[in-house]
Each structure stands twice: as structure tokens, then as C-alpha cells.
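Asker: From the sequence below, what's the structure:
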Amino acid sequence: MSVGAGIIWSTLIVLLAVAIWRTTVNKKWKAVGKVLAVIIGLGVLIGTAWWGWEEYQNRPQVVESLGGVSVGMTDVEVTLALGKPGEDSGPRTSEKVGQWKVFVYTKEHDDDYYLLVRFDGVNGVFTVDMICEEKGYSSLLGFSRYSSEQALVDKLGQPEKVSITASGLEKMISYPKWKAVFRIEKGEVTGVCTSKDGTVEFAEEYGETVPEPTNSPAS
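Answerer: Coordinates of the predicted model:
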């Protein structure tokens, strides 16, 4: 139950108690039925409205940003927003993906957390084409760390792409329609990503090794 829902139901319980007390004091028990009917009706109305609002807020929408970074931002825009990265790979070039580089942001008191920002380079201009947050609490489409894979699939359907790491212990499930990707371990979300094409895959996948895939977070 959300905090807002808890407050609403707590208020209704207090109102019910007050109504019963007032009825007892005035010895008007015939009014109890009417009071209860009004309170129950009000509770159902408010509860339904609240449920509808939460469903609306958590409806699937195309992901535009993650961790304070948006796909398409330049490297300078990222450093202006987040500061100097803990790790900077520097510009690199490969035949398969062309120019690219990676920034990694960590938290001082959380060794497990990291935000990985990958850039695609064109003529020396680097723009974000992938963002991944591991062991954080950002939410995508209403799902975040510790959300179950089953609940995710029940709401969003089967993913269009699945990438399993070489160890066979983790996987990335991608929903290109929403630009949302979830890292899954033991049936739970451990990380979330977004990318320009809405997919992410491991550098080394189960059954084969792919040295430098188009979209590859740190494995």
C-alpha cells in the first residue's frame, strides 16, 4: 500500500470511529446504517480514484532519461549535469561501431552502484546512445530494483530481445517500443537501462563471444 493510500484509509477509519461515537452519545442508532453507507461509498470512490491515478502514473511510456542523463546529450552536457565521472575510457575507435567512449559514475558509500553512460562519436562529437544504472533505485515503466521478472512480463509482455551473459547467471531483457531494458538476476531486476534503439546486450553472451557489440554495458 502506498503512503497516500494509507493516509486515506486511516482518515476513513478515524471518521468511522467518530461517527459511531457521536451516534452512541446521541443515542441515534438508526442513523448508523446511513453513516456507514456514506463512509463505505466514499471509501470505495476515493480508493477507485486513487487506484486509477496510480495506474495512470505507472502506464508504459517511452523512456527519455535515466539517472539524470538523456539519450542524445553530449559528453559536455553530461559532465555539466553530473560532474566528472569516476572513470572515463576516452575516445576509442573500432571497425564495427566506429567512435565511442564510456563514462562511469559511482557513489562514495555504495560500492555496488554505478551509472554507465556510453557515447557514440561522429566526427569527434560524442552523444549519449546508452545509459545503464546498476544496483540503483531508478524506476522504468513502474519497475525498479527488486521488482520481479514475472510482474514485469505480466504487465509489458514478453521482451523483444533477450541477452544472456556468458556465465548464464544474468540476462538483459529489452523492450524497444518503450526504450526500456531490465537486467535480471535470480528472477529480480538488479539494473535498468535505456538506449537509442531500445536494446542492450552483454559483451560476452552465452554460447558465443561478441568482442564489441553495438550496445554493451559492463558485464
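
Asker: From the chain's centroid, how far away is the biggest strand by length in the chain?
Answerer: Secondary structure of the chain per DSSP state E: the longest strand is strand 110-122. Put simply, strand 110-122 sits 16 Å off its chain's centre (Cα atoms, centre = their mean, to the nearest Å).

Asker: What strands line up against that strand, and which way round?
Answerer: Each strand paired with strand 110-122, and its direction, by DSSP bridges: strand 98-107 (antiparallel), strand 125-134 (antiparallel).

Asker: Could you list the residues in contact with the last one?
Answerer: Just to be clear, that refers to strand 125-134. Applying Cβ atoms under 8 Å, 6 or more residues apart in numbering, the set of residues contacting strand 125-134 from outside is 65-67, 69-75, 78, 91, 99-101, 112-120, 181, 183, 190-196, 200, 215, 217-218. In this view, the C-beta of every residue, glycine as well, is placed from N, C-alpha and C.

Asker: buried residues in that strand?
Answerer: 126-134 (16 or more other Cβ atoms under 10 Å).

Asker: about what we covered before: redo the strands paired with strand 110-122 as a markdown table? Include mean pLDDT and distance to Gly47.
Answerer: As requested, those are exported to a markdown table (pLDDT from 0 to 100; distance: least, Cβ to Cβ, whole Å):
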| stretch | mean pLDDT | distance to Gly47 |
| --- | --- | --- |
| strand 98-107 | 93 | 38 |
| strand 125-134 | 96 | 33 |
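
Asker: Throw these into JSON lines and include distance to Lys171, thanks.
Answerer: Below are the strands paired with strand 110-122 laid out as JSON lines (distance: least, Cβ to Cβ, whole Å):
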{"stretch": "strand 98-107", "distance to Lys171": "21"}
{"stretch": "strand 125-134", "distance to Lys171": "14"}
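
Asker: Would you mind listing which of the contacts of strand 125-134 are buried?
Answerer: The buried subset of the contacts of strand 125-134 (16+ other Cβ under 10 Å) comprises 66-67, 69-71, 73, 75, 78, 99-101, 113-120, 181, 183, 190-196, 200, 215, 217.

Asker: Let me know the helix or strand that Leu45 is in.
Answerer: helix 30-57 (DSSP states H and E).

Asker: Name the next helix or strand downstream of that helix, please.
Answerer: In N-to-C order, the element after helix 30-57 by DSSP H and E is strand 65-66.

Asker: ok now that next one, how far from the chain's centre?
Answerer: 9 Å.

Asker: How far off centre is the helix or strand just after it?
Answerer: Moving toward the C-terminus from strand 65-66, the next helix or strand (DSSP H and E) is strand 69-70. With Cα atoms, centre = their mean as the basis, strand 69-70 stands 14 Å off its chain's centre.

Asker: between the helix or strand that strand 69-70 is followed by and strand 98-107, how many degrees?
Answerer: Sequence order places helix 75-82 as the next helix or strand after strand 69-70, per DSSP H and E. Angle, helix 75-82 to strand 98-107, by axes from the mean of the first three to the mean of the last three Cα atoms, to 10 degrees: 10 degrees.

Asker: helices or strands up against helix 75-82?
Answerer: strand 69-70, strand 98-107, strand 110-122, strand 125-134 (3 or more Cβ pairs under 8 Å, 6 or more residues apart in numbering; DSSP states H and E).
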